[in-house]
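Novice: after the sequence you'll find the predicted model.
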Amino acid sequence: MNGNSWKFSEIKVPRPRFDMVKSLYEDAIERIKNAGSADDVLEVVFETNLLVCRVREMFEIVSIRHAMDTLDERYADDQKWADENQPIFDKLEVDFKETVYDSPYRSEVEEQIGHMYFTKTDIKRKTICEEAIPLRQREQELIDEYDNILFESKKTVDGKENSFIDLQELFSHEDRNIRKAAFKAFSEILSENEDRLEKVWDELVKVRTQIANVLGYDSYVPVGYLERERLDYGREDIARFRQQVLDEIVPLCNKLYEAQAKRLGIDRVMVYDENFVFPDGNAKPVGDPEYMMDQVVNMLREMGSETDEFISYILDHDLMDYTPRPEKALREFYTFLPYHKAPFIFEHFNGRAEDVQYLSESLGHAFATYRASRRQPLEEYFYPSSDISEINAMAMIQFVNKYADRLFGRDAWKYEFGNLQYFMTFIPFGVAVDEFQHICYDNPNLSPKERTNEWHKLEEKYMPWRKYDEDDEFMQRGGYWYHKFHFFYAPLYYIEYVLATVNAMEMYRKYIERPGMAWKEYLELIDVGGSKGYLEILEQANLTPAYKDGAVKEAISYVKEFLEKHIE
């Protein structure tokens, strides 16, 4: 099955017997303890790495298949089983790595495989323990409950029943009345489920705080930083970064929305107008999903020999699901099968410009792990920290602008402008998401309504242009944040998107000015995988930390000039 002719659908996923997995780990631990040399330790490390790849791949396949058909009870049962056993496996892995960490041959082993193996082990030692397993299992149950609330919700707009994700797609509709009706329905779904959402979030915050307490921390914030492998910068650096966003980007966004109101012939941009950039409609991909996929393949073949090889691998092994279906999970994602060293891309092609953005993001992630997994010796090194990983993705989104004519025809310029405006205006929203999470986890005893009011204040601070209809009481007091699944799925994840967006703009400027050199630096960025730390990788790729004083102004200079030129 690990040969050249396999297909994703053919991979068999027997549930492993965890007594057997535990026995294998116990044996590996004894061999490390009795090792007579660094070579003996390394032999066990690489053998156990293969076990890790097999088990982690099983969890990923279960997750993918459940996402492909959420209505199939077999896949739902498999997912429930995986959710219950993932924390147990994580603990077994930590026990093994702690033994390697404490080995008298550690320094010699580190010389062979690099310091990040032990850095990542240290992180897991600080974030995983036996007492936390039932809390982690409850955390996953709450995440699933949130998912079910929104998956089950539907509203009728323009004579058609729409899912929660369908409604958000209508925010770019050419008819303003439909945009308004879609946002009203979107708001109604959240407000009608407010009690349930409040209870889920309130318990999630408290469960995560309990996890932090069990691990020896006063709040979840330091745990979240460790889980994100955020080691080279702290909350003070991020606070300074937010200030740069306020100074350099918020005024530009105000200017962009003022110009958009004039283009649209309205007094001011309402929340349901924000995504509708042009009076004759946003850019739309040319052709049906199959045509769009053909153009994406051609683009990647032309982009470079490296991406040509990559997309051929994806196609040969059926590692992409992009066809919309009612039973599919309402999200886009990329994941990785470490045993096969195979990325998997999960998308919904619905004829929107956003389809190209989401796909480009997933392609960036997938291409990066495809490359790193073939250059790095250990599963831990296939993936960089999330802040680097998001640069891989965001940079690819910007590189695709160069090929927009393949996907959008004569609307290519509209796609590039709309894409760059979207990411520029996303940055203030992103720092608000980050600051909100800090507030929630720093103050776990806030009431649900107090938390929602904190979001309302952050909107006024970072998004002063945002305007809701006066009769939308739920949104007026701050209910918008409940739709952002990252709060529930990935605690303290989000600032990575924002830092990466700034670095991607820095890289896009280079791609315009010196495409060959920019592509070379991009490959250097992704090939490292997780074998180095955040600042080490930025330096290798010739990028500036986005939180450094003055970095935001410099990084966005080309995109800012482009946007200002076109709105004038």
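Specialist: That came through fine.

Novice: from here on, contacts and neighbour counts on C-alpha atoms
Specialist: Will do.

Novice: my read: Asp267 touches Ala259, true?
Specialist: No. Judged on C-alpha atoms under 8 Å, Asp267 makes no contact with Ala259 at a distance of 10.8 Å.

Novice: more neighbours: which of those two?
Specialist: Ala259 (18 against 9; other C-alpha atoms under 10 Å).

Novice: report the buried residues of the strand or helix carrying the more buried one.
Specialist: Using DSSP states H and E, Ala259 sits within helix 250-264. For helix 250-264, burial by neighbour count (16 or more other C-alpha atoms under 10 Å) applies to Val250, Leu252, Cys253, Asn254, Leu256, Tyr257, Glu258, Ala259, Gln260, Ala261, Leu264.

Novice: which parts of the stretch 101-250 of the chain are helices?
Specialist: Counting by DSSP state H, counting those that start in this stretch, residue ranges of the helices within the stretch 101-250 of the chain are 106-113, 116-127, 133-152, 164-169, 176-192, 194-214, 220-227, 235-244, 250-264.

Novice: which of the ones you listed is buried the deepest?
Specialist: helix 220-227 (a mean of 21; mean count of other C-alpha atoms under 10 Å).

Novice: may I ask which helix or strand of this structure has the lowest mean pLDDT?
Specialist: Least confident helix or strand of the chain, by mean pLDDT, DSSP states H and E, is helix 164-169 with a mean of 88.

Novice: still on that earlier bit, can you add pLDDT and distance to His340 and give the buried residues of helix 250-264 back as JSON lines?
Specialist: Output for the buried residues of helix 250-264, formatted as JSON lines (pLDDT from 0 to 100; distance: C-alpha to C-alpha, whole Å):
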{"residue": "Val250", "pLDDT": "98", "distance to His340": "44"}
{"residue": "Leu252", "pLDDT": "97", "distance to His340": "45"}
{"residue": "Cys253", "pLDDT": "98", "distance to His340": "44"}
{"residue": "Asn254", "pLDDT": "97", "distance to His340": "47"}
{"residue": "Leu256", "pLDDT": "97", "distance to His340": "46"}
{"residue": "Tyr257", "pLDDT": "97", "distance to His340": "46"}
{"residue": "Glu258", "pLDDT": "97", "distance to His340": "50"}
{"residue": "Ala259", "pLDDT": "96", "distance to His340": "49"}
{"residue": "Gln260", "pLDDT": "96", "distance to His340": "47"}
{"residue": "Ala261", "pLDDT": "96", "distance to His340": "50"}
{"residue": "Leu264", "pLDDT": "95", "distance to His340": "50"}
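
Novice: quick check, nearest of those residues to Ser219?
Specialist: Comparing the buried residues of helix 250-264 against Ser219 with C-alpha to C-alpha places Val250 closest, at 30.4 Å.

Novice: and the closest one, what does it touch?
Specialist: Thr425, Pro428, Tyr462, Met463 (C-alpha atoms under 8 Å, 6 or more residues apart in numbering).

Novice: swap in 10 Å and give it another go.
Specialist: Gln244, Leu256, Met424, Thr425, Ile427, Pro428, Phe429, Lys461, Tyr462, Met463, Pro464, Trp465 (C-alpha atoms under 10 Å, 6 or more residues apart in numbering).

Novice: touching, the first one and Lys548? I think so.
Specialist: Put plainly, it is Gln244. Yes. The pair Gln244 / Lys548 is scored as a contact, 9.4 Å apart, by C-alpha atoms under 10 Å.

Novice: contacts made by stretch 128-139 with the rest, please.
Specialist: 80, 83-88, 90-95, 140-142, 144-145, 200, 203-215, 223, 227, 488-489.

Novice: kindly report the same for stretch 89-96.
Specialist: By C-alpha under 10 Å, 6+ apart, stretch 89-96 touches 18, 21-22, 24-30, 32, 45, 48-49, 52, 55-56, 82, 87, 97, 100-101, 121-130, 132-133.

Novice: what do you get if the cut-off is 8 Å, keeping everything else the same?
Specialist: If you take C-alpha under 8 Å, 6+ apart as the criterion, stretch 89-96 is touched by Lys22, Tyr25, Glu26, Ala28, Ile29, Val52, Thr121, Lys124, Arg125, Ile128, Cys129, Glu130.

Novice: in these, which residue is surrounded by the most others?
Specialist: Counting neighbours by other C-alpha under 10 Å, the top entry in the contacts of stretch 89-96 is Ile128, with 24 neighbours.

Novice: for that one, give its distance to Leu92.
Specialist: Distance from Ile128 to Leu92, counting by C-alpha to C-alpha, to the nearest Å: 10 Å.

Novice: contacting residues for Gly418?
Specialist: Contacts of Gly418 by C-alpha under 8 Å, 6+ apart are Val277, Asn282, Ala283.

Novice: OK, contacts around Ala28?
Specialist: By C-alpha under 8 Å, 6+ apart, the neighbours of Ala28 are Val44, Thr48, Phe96.

Novice: low-scoring stretches of the chain, by residue?
Specialist: The model of the chain has pLDDT under 70 over residues 1-3, 568.

Novice: any idea how far Glu47 lies from Glu26?
Specialist: In terms of C-alpha to C-alpha, Glu47 sits 13 Å off from Glu26.

Novice: okay, the angle between the helix holding Ala259 and helix 235-244?
Specialist: Orientation note: helix 250-264 sits at an angle of 40 degrees relative to helix 235-244 (axes from the mean of the first three to the mean of the last three C-alpha atoms, to 10 degrees).

Novice: let me know the next secondary structure element after helix 250-264.
Specialist: Note on helix 250-264: by DSSP H and E, the next helix or strand toward the C-terminus is helix 289-303.

Novice: contacting residues around that next one?
Specialist: The contact list for helix 289-303 (C-alpha under 8 Å, 6+ apart) reads 285-286, 307-309, 311, 322-323, 349-351, 403, 406-407.

Novice: in that helix, which residues are buried?
Specialist: Here helix 289-303 shows Pro289, Met292, Met293, Gln295, Val296, Val297, Met299, Leu300, Arg301, Met303 as buried, counting by 16+ other C-alpha under 10 Å.

Novice: output the helix or strand that comes right after that helix as PDB - backbone C-alpha positions only.
Specialist: Using DSSP H and E, the helix or strand that follows helix 289-303 in sequence is helix 305-316. Listed in PDB are the C-alpha atoms of helix 305-316, where the atom choice follows Å, rounded to 0.1, in the frame of the first residue of the first chain:
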ATOM      1  CA  SER A 305       9.000  21.900 -11.500                       C
ATOM      2  CA  GLU A 306       8.500  21.400  -7.700                       C
ATOM      3  CA  THR A 307       4.800  22.200  -7.800                       C
ATOM      4  CA  ASP A 308       4.400  20.100 -11.000                       C
ATOM      5  CA  GLU A 309       5.700  17.100  -9.200                       C
ATOM      6  CA  PHE A 310       3.500  17.800  -6.200                       C
ATOM      7  CA  ILE A 311       0.200  18.200  -8.000                       C
ATOM      8  CA  SER A 312       0.900  15.000 -10.000                       C
ATOM      9  CA  TYR A 313       1.200  13.200  -6.700                       C
ATOM     10  CA  ILE A 314      -2.100  14.600  -5.500                       C
ATOM     11  CA  LEU A 315      -3.900  13.500  -8.600                       C
ATOM     12  CA  ASP A 316      -2.300  10.100  -8.900                       C
END
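
Novice: what's around His566, how many residues?
Specialist: Counted by other C-alpha under 10 Å, the residues lying close to His566 total 8.

Novice: list the contacts of it.
Specialist: Phe417.

Novice: and Tyr497, how many neighbours?
Specialist: 24.

Novice: check contacts around it.
Specialist: Applying C-alpha under 8 Å, 6+ apart, we find Tyr497 in contact with Asp387, Glu390, Ile391, Met394, Gly430.
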